[in-house]
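Asker: sequence first, predicted coordinates after that:
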Amino acid sequence: MTTGSISSAVKRPAISIDPNISGSAKMYRGMQDGEFFIPPVPYEKMDPKFRRQRVINKTGLDVGDVLIDTRQHFAFLVVSPDEAVRYGIGIGKAGFAWSGSAVIGRKAHWPTWTPPSEMIERKPKLAEFRTGMPGGVDNPLGARALYLYKDGVDTLYRLHGSPEWWSIGKSMSSGCIRFLNQDIIDLHSRISRGSTVVVV
């Protein structure tokens, strides 16, 4: 969003950029989700900037689309021309990262995780999950997953949950974008299939 001068006769109210610290206890509380219990996040140990919050929309994207800023470790969901919801994220190590534009081709609750053959080659113990690891609290995809497709083809790149709150704000996963489980549930509930995701 481009900022410009505003006439003194027409004052628009400032958009609040509240880190919602007072609401963090509610946002990141433990919760029962179907048959699984999601532990609370010790949010007080996190840098407040990585907690979910509303910010000014400067993405240039349409409402309902998502910008992944891998440098800053933020994801922005555009909720209006003026506002976005910002989430802290963890990203892939150098050499594993992906960038570009894709669409949400599939959404899943407690998704099955199937390690790619290249990962099994690096970590042979994962061979037992060659046909997939059922969803659950120990599953690397967490409580929800959003699958990115480009030109109708699965990129094998995901936006997904994780209980590893200490990984948010860091580059340490094997290529996909990880969110706190509570945050990916929030994003999953707001976004639709076909929405654009831009990773930069």
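Answerer: Looks like it arrived, so ask away. Note that the coordinates shown come from a computational prediction; the quantities given were computed from them, not determined experimentally.
Asker: in the sheet, who's paired with the spatially most central residue of the chain?
Answerer: Centrality entry for the chain: nearest residue to the mean C-alpha point is F179, 4.4 Å, by C-alpha atoms, centre = their mean. Under DSSP bridges, the beta-bridge partners of F179 are G161.
Asker: list the residues that contact it.
Answerer: 75, 87-89, 142, 159-162, 168, 187 (C-beta atoms under 8 Å, 6 or more residues apart in numbering). For the C-beta atoms, the positions are set from N, CA and C on the backbone; glycine is no exception.
Asker: what bits of the protein have low per-residue confidence?
Answerer: Residues of the chain that meet the criterion pLDDT under 70 lie in 1-22, 93-97, 173-175.
Asker: and the next element down the chain from the lengthiest helix in it?
Answerer: Looking across the chain with DSSP state H, the single longest helix is helix 181-190. Next along the chain after helix 181-190, taking DSSP states H and E as the criterion, comes strand 196-199.
Asker: which stretches of the protein form strands?
Answerer: 31-33, 36-38, 53-56, 66-69, 74-78, 83-88, 91-92, 100-109, 144-150, 153-162, 171-173, 177-180, 196-199 (DSSP state E).
Asker: distance to D138 added to those strands, as TSV?
Answerer: Conversion of the strands of the chain to TSV gives the following (distance: least, C-beta to C-beta, whole Å):
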stretch	distance to D138
strand 31-33	14
strand 36-38	10
strand 53-56	29
strand 66-69	25
strand 74-78	24
strand 83-88	22
strand 91-92	20
strand 100-109	16
strand 144-150	15
strand 153-162	11
strand 171-173	16
strand 177-180	15
strand 196-199	26
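Asker: the ones you listed: which one's closest to S24?
Answerer: strand 53-56 (9.4 Å; C-beta to C-beta).
Asker: so what are the sheet partners of that closest one and their directions?
Answerer: strand 83-88 (antiparallel).
Asker: start and end of stretch 188-197, how far apart?
Answerer: 13 Å (C-alpha to C-alpha, to the nearest Å).
Asker: out of the strands of the chain, which is the most enclosed?
Answerer: For the strands of the chain, average neighbour numbers computed from mean count of other C-beta atoms under 10 Å are highest in strand 177-180, which has a mean of 28.
Asker: off-centre distance for that strand?
Answerer: 5 Å (C-alpha atoms, centre = their mean, to the nearest Å).
Asker: separation between R52 and P40?
Answerer: 14 Å (C-beta to C-beta, to the nearest Å).
Asker: the two - which one has more neighbours?
Answerer: R52 (23 against 12; other C-beta atoms under 10 Å).
Asker: what sits against the more buried one?
Answerer: R52 touches 20, 27, 85-88, 182-183, 186, counting by C-beta under 8 Å, 6+ apart.
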